[in-house]
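J.: Sequence and predicted structure, then a few things I'm wondering about:
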Amino acid sequence: MWKPFSVFLLLLLVSRFGAQDTAQPESEQARILTLENAWNQSVQQKDASALRMLLAPDLIYVDYDGTLMNKEEYLASIRSLALHPVRIVNESMNVHFYGMVAVVTGVCRESGVKNGKPYVLLERFTDTWVRRGDNWVAVASQSTLTQH
Amino acid sequence: MGFLAIDESQTGATDSPLQETSWDADISVEVCPMKVRVYIAFLTCASLFAAAQTYGDSAARSNILALEYVWDQAQESRDVRALSAIFDNALVFVDYDGRILTKTEYLERVKSDSSHMEQIVTESMSVLVLGNTAIVVGTYRAKGIENGKPYLRRRRFVDTWMLMGERWVCVAAEATPIPH
């Protein structure tokens, strides 16, 4: 039930914001932050279909352990049965706009179960979003473990 | 391709596919010379545009790779002025320990040389050019002496570059530790 709902929510989100041709920076910022949260929800629900819509085909993804993945590899990692994220929350997010490009930095707290063992991660991330037509898509994402 | 497809549909059935192709070509030249000229002009423009695009991306890639090497050298020699020219004032730098630094903080750290970096070597890099934006992903090794002990660190980085005016500047950079 959650998966189709989240896909619908994302479609609604993208089309709603997409209708604003002369969007103000504040609304664009809100839109990017919403997409960041939608990303977390998709990962938490292991909803690769919803997540696919947020990511550019040429996505570059670097995980907290330095693993480099393309879009399909990343989506496969989300679908992995060994990984069960329970809670993913972003904090201290900042968005820098450069025209059709937005760079988001923040801290992500993630907890869950991996290979049957509970885990807690605190990661600093940098995501780069590019506006393509009416939509924003993530072209790069990198996470680094942090204690700060 | 679309133009050829339309012409093929207008030719009608023939016994031999080979004959059909050659007859079709003759008809195109004699009956629709303007169409052919437009098609050739279109092909020429398209190929010139593609070549310019490829050249543009290629030039951008070379430029950015050169800047990445300048960054390494400037960091090694603690040339803060050179580094300052590479970065946007709003640079966001995430270090290997997850600490976030502004441009000023990063330059001060390089200047103070707190990690006593002796050498930084980029092992691999690839550049994805997306119009006025470029993403560089790569790995590097850094060696030096910290607190009297030598270190060798290997990291994977992603740098985001923007074309501002005629100059590429780095707006975001992050490094993640990877095993040796």
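T.: Received, thanks.
J.: Setting aside sequence neighbours, what's the nearest residue to A:Asp63?
T.: Leaving aside its sequence neighbours, A:Asp63 sits nearest to A:Ser143 (C-beta to C-beta, 6 or more residues apart in numbering or on different chains; 6.2 Å). In short, each C-beta sits where N, CA and C put it, glycine included.
J.: same thing with B:Asn132?
T.: Spatial nearest neighbour of B:Asn132, chain neighbours left out: B:Leu163 (4.2 Å); criterion: C-beta to C-beta, 6+ apart.
J.: Tell me the pLDDT of residue 83.
T.: In the absence of a named chain, chain A is used. With respect to pLDDT, A:Leu83 scores 90.
J.: think we crossed wires, I meant chain B
T.: On pLDDT, B:Leu83 comes in at 97.
J.: Does it lie in a helix or a strand, and which?
T.: Per DSSP states H and E, B:Leu83 falls inside helix B:80-86.
J.: And the contacts of that helix?
T.: Helix B:80-86 is contacted from outside by B:67, B:70-71, B:73-75, B:103, B:106-107, B:110-111, B:169-170, using C-beta atoms under 8 Å, 6 or more residues apart in numbering or on different chains.
J.: residue contacts, residue 107?
T.: Picked chain A for this. A:Val107 makes contacts with A:Asn90, A:Glu91, A:Ser92, A:Leu122, A:Glu123, A:Arg124, A:Phe125, A:Thr146, as judged by C-beta under 8 Å, 6+ apart.
J.: that's the other chain; I wanted chain B
T.: Neighbouring residues of B:Leu107 by C-beta under 8 Å, 6+ apart: B:Val80, B:Leu83, B:Ser84.
J.: do the same with B:Thr122
T.: The neighbourhood of B:Thr122, defined by C-beta under 8 Å, 6+ apart, consists of B:Glu68, B:Tyr69, B:Asp72, B:Gly138, B:Thr139, B:Tyr140.
J.: Now do the buried residues in stretch B:127-136.
T.: Across stretch B:127-136, burial judged by 16 or more other C-beta atoms under 10 Å in any protein chain shown covers B:Val127, B:Leu128, B:Val129, B:Leu130, B:Asn132, B:Thr133, B:Ala134, B:Ile135, B:Val136.
J.: Regarding it, how distant is the last residue from the first?
T.: 5 Å (C-alpha to C-alpha, to the nearest Å).
J.: three-state assignment of residue 142?
T.: Went with chain A since none was named. Each residue gets one of three states, and A:Gln142 gets strand by DSSP: H, G, I helix; E, B strand; the rest coil.
J.: meant chain B actually
T.: B:Ala142 is classified as strand under three-state DSSP.
J.: Quick check: the closest residue to B:Tyr140 other than its chain neighbours vs B:Gly144, distance?
T.: Spatial nearest neighbour of B:Tyr140, chain neighbours left out: B:Thr122 (4.7 Å); criterion: C-beta to C-beta, 6+ apart. Distance, B:Thr122 to B:Gly144, by C-beta to C-beta, to the nearest Å: 16 Å.
J.: quick one on the thing from earlier: what about the contacts of B:Leu107, which one has the most neighbours?
T.: Of all the contacts of B:Leu107, the highest neighbour tally under other C-beta atoms under 10 Å in any protein chain shown goes to B:Leu83, namely 22 neighbours.
J.: Show me the strands in chain B, by range?
T.: In chain B, the strands defined using DSSP state E lie at B:87-94, B:100-101, B:117-130, B:133-146, B:149-164, B:167-177.
J.: Kindly report the residues of chain B close to chain A.
T.: Applying C-beta under 8 Å from any C-beta of the partner chain, one finds that chain B approaches chain A through B:90, B:92, B:94-100, B:128, B:130-133, B:135, B:137, B:155-158, B:160, B:162, B:171-179.
J.: Tell me where chain A has helices.
T.: Using DSSP state H, the helices of chain A run over residues A:2-18, A:25-44, A:48-54, A:71-79.
J.: in the shortest one, what counts as buried?
T.: Residues of helix A:48-54 classed as buried by neighbour count (16+ other C-beta under 10 Å): A:Ala48, A:Ala50, A:Leu51, A:Arg52, A:Met53, A:Leu54.
J.: these two touch, right, the last one and A:Ala138?
T.: Yes. At 5.9 Å, A:Leu54 counts as touching A:Ala138 under the criterion of C-beta atoms under 8 Å.
J.: hey, what's in contact with both of those two?
T.: Jointly contacting A:Leu54 and A:Ala138 under the rule C-beta under 8 Å, 6+ apart are A:Leu35, A:Trp39.
J.: farthest pair in the contacts of B:Thr122?
T.: The distance between the two most remote of the contacts of B:Thr122 (C-beta to C-beta) is 14.4 Å, for B:Tyr69 and B:Thr139.
J.: Looking at these two, which is more packed in?
T.: Using other C-beta under 10 Å as the criterion, B:Tyr69 and B:Thr139 rank with B:Thr139 on top: 18 against 12.
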